[in-house]
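sequence first, predicted model second:
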Amino acid sequence: MPVRLPNRPVCHHCDGFPVVSVTTGTRHNDGSRVLLRVVCPACDGTGHALPLPAVLVPAGR
């Protein structure tokens, strides 16, 4: 029987592409480019939005 996982919304900051590679413009000795991997800080590289936390409303004094 298949396992049903709840749909998790896609991260609005990265649109589901959580890790990108950015070139620095320099090259290694073998000719390949130097790349930096950048991870989406909003979803920590998962590509999915986290559920919104409950909003705490101050009540009383």
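Noted; the coordinates are in hand. Numbers count the residues shown, from 1 in each chain.

counting by contacts, list what the longest strand along the chain packs against.
Longest strand of the chain, by residue count under DSSP state E: strand 19-27. In terms of contacts (3 or more C-beta pairs under 8 Å, 6 or more residues apart in numbering; DSSP states H and E), strand 19-27 is packed against strand 33-39. Quick note: C-beta positions are derived from backbone N, CA and C, even for glycine.

ok, back up a step: tell me the angle of the longest strand of the chain relative to strand 33-39?
Inter-element angle recorded for strand 19-27 and strand 33-39: 160 degrees (by axes from the mean of the first three to the mean of the last three C-alpha atoms, to 10 degrees).

can I get the CA coordinates of strand 19-27 in PDB?
Only the C-alpha atoms of strand 19-27 are listed here, as PDB (Å, rounded to 0.1, in the frame of the first residue of the first chain):
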ATOM      1  CA  VAL A  19      20.400  25.100  -4.100                       C
ATOM      2  CA  VAL A  20      22.100  27.100  -6.900                       C
ATOM      3  CA  SER A  21      25.700  27.200  -8.100                       C
ATOM      4  CA  VAL A  22      27.300  30.600  -8.800                       C
ATOM      5  CA  THR A  23      30.500  30.900 -10.800                       C
ATOM      6  CA  THR A  24      33.300  33.200  -9.500                       C
ATOM      7  CA  GLY A  25      34.800  33.700 -12.900                       C
ATOM      8  CA  THR A  26      38.100  32.000 -12.000                       C
ATOM      9  CA  ARG A  27      39.200  28.500 -13.100                       C
END
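
so where's the protein shaky on pLDDT?
Applying pLDDT under 70 to the chain flags residues 1, 3, 5, 50-57, 59-61.

can you tell me how far the closest residue to C40 other than its chain neighbours sits from H48?
Nearest residue to C40, sequence neighbours excluded (C-beta to C-beta, 6 or more residues apart in numbering): C14, at 3.9 Å. C14 sits at a distance of 10 Å from H48 (criterion: C-beta to C-beta, to the nearest Å).

before we move on, what about F17?
12 Å.

comparing these two, which residue is more hemmed in?
Neighbours were counted for F17 and for H48 using other C-beta atoms under 10 Å; H48 has more, 15 against 10.
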